[in-house]
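Peer 1: quick check, what structure comes out for this input:
(one chain, ligands or ions: 1)
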Amino acid sequence: MITKTEQNEIQDYLRDASNTMGYCEAVVYPENTDDVVAILKQANYEKTKVTVCGNRTGLSGGSVPNGGIVLSTEKMNRILEINEEEKFAIVEPGVLLSDFLNLLKPKKLYYPPDPTELNCFLGGTVATNASGSKTFKYGPTRDFVMGIEIVLPTGDLLVLERGQIFAQKYDMSITTNDKKRIELKIPSIKSLPTKNTAGYFCRESMDAIDLFIGSEGTLGILTKLKLQLLPAPQMVLSAVIFFNSEDSGLNFIEHSRNESYNSRKNKSHIAIDALALEYFDKFALNFLRDDFPNIPEEANSAVWFEQEVDEDSSNQITDLWISLIEKHNGDLGNSWIAMNEKDKLKFVEFRHRISTKVNEFISSRNLRKLGTDFAVPDEELKKFYFQLKYEVVNAGLDYVIYGHFGNSHIHLNMLPKNPEEFEKAKILYSNMCLSAIKSGGTFAAEHGVGKNKKALLYELYDEKVMIEMWRIKQTLDPYLILCSGNIFKTES
Ligand SMILES: Cc1cc2nc3c(=O)[nH]c(=O)nc-3n(C[C@H](O)[C@H](O)[C@H](O)COP(=O)(O)OP(=O)(O)OC[C@H]3O[C@@H](n4cnc5c(N)ncnc54)[C@H](O)[C@@H]3O)c2cc1C
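Peer 2: Numbering: from 1, shown residues only. The predicted structure is shown next:
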C-alpha cells in the first residue's frame, strides 16, 4: 500500500473545491477493504486522526484534514458487478461517477442521482447523499443505495442491505461481521418539506443503512456500494428557455413544478413531468456569456428543463411545453432546444460551467466559497428569492444566483472582490441561512455540513438532538479519530 509523506506530494489533499485548507502528516492509499480495516484498527489504537477523501469536489470542507492522515479511496476504483437483469451495480467507493455513467450508457442503463460535478467518486456521493438536477424527479443518492459495506472507526466491518435492519422506534441495534452488537439511540427530529443533508438522517423506525448515508465520513469508511439502476429513457427532451424578466422565469418554474407533481399523482403519460428544472439569474447568465456568446442580450433569467419522453409521446409533450413557455412569455425564438445528443451535453455543460466558474473566481482571490445551499418550502421560493436579492444588493456585493429551483434549492454565490467584502459577505451568508431555517427549510440541501457550516446545524436542531447525534458519533468512534471536525462543534 502506498503512503506519501512529502508535503509537495500531498498538497492536493489539503483542500477541497470550497477552497478550505487543512494540514496532515501523510496520505495513505488502501487498495481493498482489508487495507482500510488495518489502517483504522491501527489509527484507533494509536488515536491518530483519519480523514477520508473521495475526489475532493466537496463544497463544505468535509474531506479537508485537520491533522493526522488522509485516507484516499482513489485506488479502490473497481466496478465489481453490473447486473443488467436485476438492474444493480456493486462498486468500490473510488469509482469516478463519469466513468460509471459512461459504462452504463451502452448497456441502456441509467443512474439518475448525479450531482452537477461528475468528477466525483461514488463513495463521496453516498457519503454526502449528493443530489443534482434529476433529483427533482428521482430524489437524492440515498434513494438509489441498496447496500453498503462500511468499516467503522474502530476497524470493525459492517455490511447493511436496505430493508433488513430497522430501528425499533428510536432504538437501533446493529451487528458487525465479528458479531459485535452496537446499540444506538436515534434522536427524534422534525422532517423538513425540503431536501436536507444537515446532520445525520434520523427517523422513527428507520432503516439502519440510512444513518450512514450522508454521514460525511464521520461514522465509517464506505468500502463497497450496491446501487440501484434503471432502464435508460428512450429519449430526453431538453431545452434552455430565456425570459426577459426574473418573475417570468420563476413563474414558469412554479407552474411546471405543479404540473409535474400533478402528472405524477395522476400517473398521466402525455403530460408535463419534468426530470429537471434548473434556474439561472441575469448575473449568472452574464458570468457565462464569454463561454456561451449566444445567450440573448435581453435575457434576465433562464430555465433549463428536461423531460423523459418516448417516440409516441414526444410531439405532444413538446407542444405542452411550448404552450407553457408561451404562457410565461419565454423567448422561444432565442431559446435553445436540443436537437441531438451533442446539444443535450452542451446544456449539461452550461449548468456545470456556472458552478465551476464561481469556484475559479473564489480560488483566484484566495477566498473561501460563500455559496448558499439552502432549500425552502416551495411556497416560499419566490418571496425568499427576492428577499435575498434585496439583501445582497443592499450590501453592495456582486453575486450570481442559480440552482435546482424545481426543489426550491437556491445557490446564491457572493463574489467578494477583497477580504473586506468577504467579511461582509460572511455575515450576510449566515443571516440568509438563518432565514432559510426560519422559513421551514434547511441551510444544507445537498453539500452537507462539513467543517464550514457547523454553527448553522445547531440553529436547525435543538441542543437535545445535537447531543443525541453526538452520542451516535461517540459510540461508533470512541476516540473521535474519523473525519474529526466534520458536523459537530464539539470537535475542532
Ligand atoms: C462544480 C461543482 C458542482 C457541484 N454540484 C453539486 C450538486 O449539484 N449537487 C451535490 O450534491 N453536490 C455538488 N457538488 C459537490 C460535490 O461534487 C459532491 O458533494 C460530491 O458528492 C463529493 O464527492 P467527492 O468524491 O469529491 O467527495 P469528497 O469531496 O472527497 O468528500 C466529501 C465528503 O464525503 C466523505 N467521503 C468521501 N468518500 C468517502 C467514503 N468512501 N466513505 C466515507 N466518507 C467518504 C469525505 O470525508 C467528505 O466528508 C459540486 C461540486 C462542484 C465542484
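Peer 1: contact residues of this structure facing the ligand?
Peer 2: Neighbours of the ligand within the chain, by C-beta under 6 Å from any ligand atom: 16-17, 52-59, 62-63, 73, 93, 115-117, 120-121, 123-125, 127-128, 130-132, 216-217, 221-222, 355-356, 359, 446-447, 450, 483, 486. In this view, the C-beta of every residue, glycine as well, is placed from N, C-alpha and C.
Peer 1: what about 5 Å?
Peer 2: For the chain, the residues in contact with the ligand (C-beta under 5 Å from any ligand atom) are 16-17, 52-59, 62-63, 73, 93, 115-117, 120-121, 123-125, 127-128, 130-132, 216-217, 221-222, 355-356, 446, 483.
Peer 1: narrow those to just the buried residues.
Peer 2: Among the residues of the chain next to the ligand, those classed as buried by 16 or more other C-beta atoms under 10 Å are 16-17, 52-59, 62-63, 73, 93, 115-117, 120-121, 123-125, 127-128, 130-132, 216-217, 221-222, 355, 446, 483.
Peer 1: in strands only, show me these.
Peer 2: 52-53, 221-222 (DSSP state E).
Peer 1: what is the burial count for S484?
Peer 2: S484 sits with 21 neighbouring residues when counted by other C-beta atoms under 10 Å.
Peer 1: whoops, Y385 was the one
Peer 2: Y385 has 22 nearby residues by other C-beta under 10 Å.
Peer 1: for it, give its distance to N32.
Peer 2: 48 Å (C-beta to C-beta, to the nearest Å).
Peer 1: pLDDT at the nearest residue to H409 once chain neighbours are set aside, what is it?
Peer 2: Leaving aside its sequence neighbours, H409 sits nearest to A375 (C-beta to C-beta, 6 or more residues apart in numbering; 4.2 Å). Model confidence at A375, expressed as pLDDT, equals 96.
Peer 1: repeat that for E46.
Peer 2: Value for E46, per-residue pLDDT: 97.
Peer 1: going forward, begin numbering at 8 instead of 1
Peer 2: All set: I'll call the first residue 8, so the last point we hit is now E53.
Peer 1: give me phi/psi at it?
Peer 2: Backbone geometry at E53, expressed as degrees, to the nearest 10, gives phi -90, psi 0.
Peer 1: who's in contact with the closest residue to the ligand within the stretch 108-257 of the chain?
Peer 2: When distances are taken as C-beta to the nearest ligand atom, the stretch 108-257 of the chain reaches nearest to the ligand at G131, 2.2 Å away. When the contact criterion is C-beta atoms under 8 Å, 6 or more residues apart in numbering, the partners of G131 are 60-62, 64-65, 70, 100, 137.
Peer 1: how about 6 Å then?
Peer 2: G61 (C-beta atoms under 6 Å, 6 or more residues apart in numbering).
Peer 1: how close does it sit to T64?
Peer 2: Distance from G131 to T64, by C-beta to C-beta: 7 Å.
Peer 1: ok, the residue nearest to G447 when sequence neighbours are not counted - how many residues close by?
Peer 2: Nearest residue to G447, sequence neighbours excluded (C-beta to C-beta, 6+ apart): P384, at 4.9 Å. When neighbours are counted by other C-beta under 10 Å, P384 registers 15.
Peer 1: so how far is the ligand from P384?
Peer 2: Distance of P384 to the ligand, computed by C-beta to the nearest ligand atom, to the nearest Å: 20 Å.
Peer 1: whichever residue of the stretch 258-407 of the chain sits closest to the ligand: what's it in contact with?
Peer 2: Going by C-beta to the nearest ligand atom, the ligand is nearest to S362 of the stretch 258-407 of the chain, at 3.4 Å. S362 sits next to T123 when contact means C-beta under 6 Å, 6+ apart.
Peer 1: repeat for G455
Peer 2: So G455 contacts 67, 69, 135, 204, 223 (C-beta under 6 Å, 6+ apart).
Peer 1: and the furthest pair within these?
Peer 2: G69 and T204 (10.6 Å; C-beta to C-beta).
Peer 1: all strands of the stretch 358-499 of the chain, in order?
Peer 2: 381-382, 406-410, 416-421 (DSSP state E, counting those that start in this stretch).
Peer 1: which strands and helices sit next to the longest one?
Peer 2: Just to be clear, that refers to strand 416-421. Applying 3 or more C-beta pairs under 6 Å, 6 or more residues apart in numbering; DSSP states H and E, we find strand 416-421 packed against strand 406-410.
Peer 1: which residue ranges make up the domains of the chain?
Peer 2: Following automatic domain parsing, one gets these domains for the chain: 86-238, 240-359.
Peer 1: looking at the ones you listed, which is buried most?
Peer 2: Among those, ranked by average contacts under mean count of other C-beta atoms under 10 Å, first place goes to domain 86-238 (a mean of 19).
Peer 1: for that one, the averaged confidence score.
Peer 2: The pLDDT scores in domain 86-238 average 97.
Peer 1: which residues touch the nearest residue to F128 once chain neighbours are set aside?
Peer 2: Leaving aside its sequence neighbours, F128 sits nearest to G61 (C-beta to C-beta, 6+ apart; 3.6 Å). Applying C-beta under 6 Å, 6+ apart, we find G61 in contact with 80, 128, 130-131.
Peer 1: then I172?
Peer 2: A215.
Peer 1: for A451, give me its contacts.
Peer 2: A451 neighbours (C-beta under 6 Å, 6+ apart): 204-205, 380, 460.
Peer 1: retrieve the pLDDT associated with E498.
Peer 2: Confidence score, pLDDT, at E498: 60.
Peer 1: what bridges to F95?
Peer 2: N90, Q235 (DSSP bridges).
Peer 1: the stretch 258-407 of the chain: helices as residue ranges?
Peer 2: Secondary structure of the stretch 258-407 of the chain by DSSP state H, counting those that start in this stretch: the helices cover 289-295, 321-334, 348-371, 388-401.
Peer 1: by mean pLDDT, show me the worst of the ones you listed.
Peer 2: Among those, helix 348-371 scores lowest, at a mean of 91.
Peer 1: could you figure out how far it is turned away from strand 406-410?
Peer 2: Helix 348-371 and strand 406-410 are oriented at 140 degrees to each other (axes from the mean of the first three to the mean of the last three C-alpha atoms, to 10 degrees).
Peer 1: pull the distance from helix 348-371 to the chain's centre.
Peer 2: Remark: helix 348-371 is offset 16 Å from the chain centroid, using C-alpha atoms, centre = their mean, to the nearest Å.
Peer 1: for it, list the C-alpha coordinates in PDB.
Peer 2: The C-alpha trace of helix 348-371 is given here as PDB (Å, rounded to 0.1, in the frame of the first residue of the first chain):
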ATOM      1  CA  GLU A 348     -27.100  14.300 -28.000                       C
ATOM      2  CA  LYS A 349     -24.400  16.900 -28.600                       C
ATOM      3  CA  ASP A 350     -26.800  19.800 -27.800                       C
ATOM      4  CA  LYS A 351     -28.000  18.000 -24.700                       C
ATOM      5  CA  LEU A 352     -24.500  17.600 -23.400                       C
ATOM      6  CA  LYS A 353     -23.900  21.300 -24.200                       C
ATOM      7  CA  PHE A 354     -26.800  22.200 -21.800                       C
ATOM      8  CA  VAL A 355     -25.400  19.900 -19.100                       C
ATOM      9  CA  GLU A 356     -22.100  21.700 -19.500                       C
ATOM     10  CA  PHE A 357     -23.900  25.100 -19.400                       C
ATOM     11  CA  ARG A 358     -25.200  24.200 -16.000                       C
ATOM     12  CA  HIS A 359     -21.900  22.800 -14.800                       C
ATOM     13  CA  ARG A 360     -19.900  25.700 -16.000                       C
ATOM     14  CA  ILE A 361     -21.600  28.300 -13.800                       C
ATOM     15  CA  SER A 362     -20.600  26.300 -10.700                       C
ATOM     16  CA  THR A 363     -17.000  25.800 -11.800                       C
ATOM     17  CA  LYS A 364     -16.700  29.500 -12.900                       C
ATOM     18  CA  VAL A 365     -17.800  30.600  -9.400                       C
ATOM     19  CA  ASN A 366     -15.300  28.200  -7.800                       C
ATOM     20  CA  GLU A 367     -12.500  29.500 -10.100                       C
ATOM     21  CA  PHE A 368     -13.400  33.100  -9.200                       C
ATOM     22  CA  ILE A 369     -13.200  32.400  -5.500                       C
ATOM     23  CA  SER A 370      -9.900  30.400  -5.800                       C
ATOM     24  CA  SER A 371      -8.300  33.100  -7.900                       C
END
